[in-house]
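**Q** Just the structure for this:
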Amino acid sequence: MSNNEDRLTSLLIRILLIIMFSLGAVLLGGYAAFLAYQTIFAVPIVQVPSVIDMELESARQTLYKTGLKISTIDDGVFQKGERYIVIAQKPPAGTRLKKNRTVEVEIRMANMYRQIPDLFGKTVAEAEILLSEHGYQIGDIAYTLHQKLPEGRIIAQTPPAGESQTSDSKVNILVSKGLY
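**A** Residues are numbered from 1 along each chain as shown. The predicted structure is shown next:
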């Protein structure tokens, strides 16, 4: 009987040791999985910087330093030797994203983007929209009678159409008060 009890005790100890080692292995595996998840999947969140009005390469570097990638919407528009300016971005500045996500940017050739559009014959509302698309806004507005253009139409502008401005983003306009 003593021999049977010894075998039973020995078997019970072996089973307990197997259970303890198995439980330890499961806990150690769970801890290793938690650490792997933290390293692989727990990506830090960053705030998207504004890259609007930046040259494309500067925008690329700014986003890279933040931990984000860049993608241009119109990849087919690139011409060798041209400079490009970012005119829009998605998601907008201030948005919080996980690192390594992509920010889409819309670009224009630098020499065309800042070129002042021709406002002659347009209404003030049309001019506001057109100027804002080119990075400008209406400055001073003066009114006078005109021989051909009806009331509310733009007669002249300063600076003139076709010029590029970088420091002053306002365009002054002369608007018709009607025919004389």
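**Q** Run through the helices of this structure in chain order.
**A** Secondary structure of the chain (DSSP state H): helices located at 2-40, 56-66, 110-113, 124-133.
**Q** just checking, which of these comes out with the lowest mean pLDDT?
**A** Mean pLDDT is lowest for helix 110-113 out of the helices of the chain, coming in at a mean of 66.
**Q** What residues does the nearest residue to I52 once chain neighbours are set aside make contact with?
**A** Of all residues not flanking I52 in the chain, V86 sits nearest, at 5.6 Å (Cβ to Cβ, 6 or more residues apart in numbering). C-beta here means a position set from N, CA and C on the backbone, and glycine is covered the same way. By Cβ atoms under 8 Å, 6 or more residues apart in numbering, the contact list for V86 reads V51, I52, D53, M54, E55, L56, A59, V105, E106, I107.
**Q** Neighbours of the fourth one, how many?
**A** Residues contacting M54 under the criterion other Cβ atoms under 10 Å number 19.
**Q** any idea how far it is from S2?
**A** Remark: distance between M54 and S2 (Cβ to Cβ, to the nearest Å) = 88 Å.
**Q** next one: the fifth one
**A** Using Cβ to Cβ, one gets 91 Å for the distance from E55 to S2.
**Q** Which one's more surrounded, the two?
**A** Between E55 and S2, counted using other Cβ under 10 Å, the more crowded position is E55 (15 against 6).
**Q** Does the more buried one touch R83 like I think?
**A** Yes: using Cβ atoms under 8 Å, E55 is in contact with R83, at 5.9 Å.
**Q** Domain ranges for the protein, per the record?
**A** 1-42, 45-110, 114-179 (automatic domain parsing).
**Q** Could you pull up the residues touching E128?
**A** Residues in contact with E128 (Cβ under 8 Å, 6+ apart) are Q137, I138.
**Q** need the contact list for T95.
**A** T95 makes contact with Q47, V48 under the criterion Cβ under 8 Å, 6+ apart.
**Q** Need phi/psi at it.
**A** Here is the backbone geometry of T95 (degrees, to the nearest 10): phi -70, psi 140.
**Q** what's the pLDDT at it?
**A** For T95, pLDDT reads 93.
**Q** Against T66, how distant is it?
**A** As judged by Cβ to Cβ, T95 and T66 stand 12 Å apart.
**Q** Pull up the overlap in contacts between the two.
**A** Q47, V48.
**Q** who touches both of E55 and R83?
**A** With Cβ under 8 Å, 6+ apart, E55 and R83 have common neighbours A110.
**Q** wait, isn't R60 in contact with L68?
**A** No: with contact defined as Cβ under 8 Å, R60 does not reach L68; the gap is 9.9 Å.
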